[in-house]
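# whatever this is, show me its structure:
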Amino acid sequence: MTGVSRTTISSIETGQFNPTAKLALTLCYALDKKFEDLFYF
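Predicted coordinates:
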């Protein structure tokens, strides 16, 4: 649904990779979550 591999998702989850703004918004849409719910500064 997001067009990225499981490895990429895992890297985002563990903090090894920071997604682009486009990918971050795609993840929010795919998971039906607000940006603030998935990412923090």
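# for residue 36, give its distance to residue 7.
26 Å (Cβ to Cβ, to the nearest Å). From N, CA and C alone the C-beta is placed, and that goes for glycine too.
# ugh, wrong one, I meant residue 27
Distance, residue 27 to residue 7, using Cβ to Cβ: 15 Å.
# in this structure, where's the longest helix?
helix 21-31 (DSSP state H).
# CA atoms only for the helix or strand following that one, dumped as PDB, please.
Moving toward the C-terminus from helix 21-31, the first helix or strand encountered (DSSP states H and E) is helix 35-38. Written as PDB, here are the backbone C-alpha positions of helix 35-38 (Å, rounded to 0.1, in the frame of the first residue of the first chain):
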ATOM      1  CA  PHE A  35       0.900  12.600  11.600                       C
ATOM      2  CA  GLU A  36       1.200  13.600  15.200                       C
ATOM      3  CA  ASP A  37       0.100  10.100  16.200                       C
ATOM      4  CA  LEU A  38       2.900   8.400  14.200                       C
END
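# and helix 35-38, how far out from the chain middle?
In terms of Cα atoms, centre = their mean, to the nearest Å, the gap separating the centre of helix 35-38 from the centre of its chain is 10 Å.
# good, we can wrap up now.
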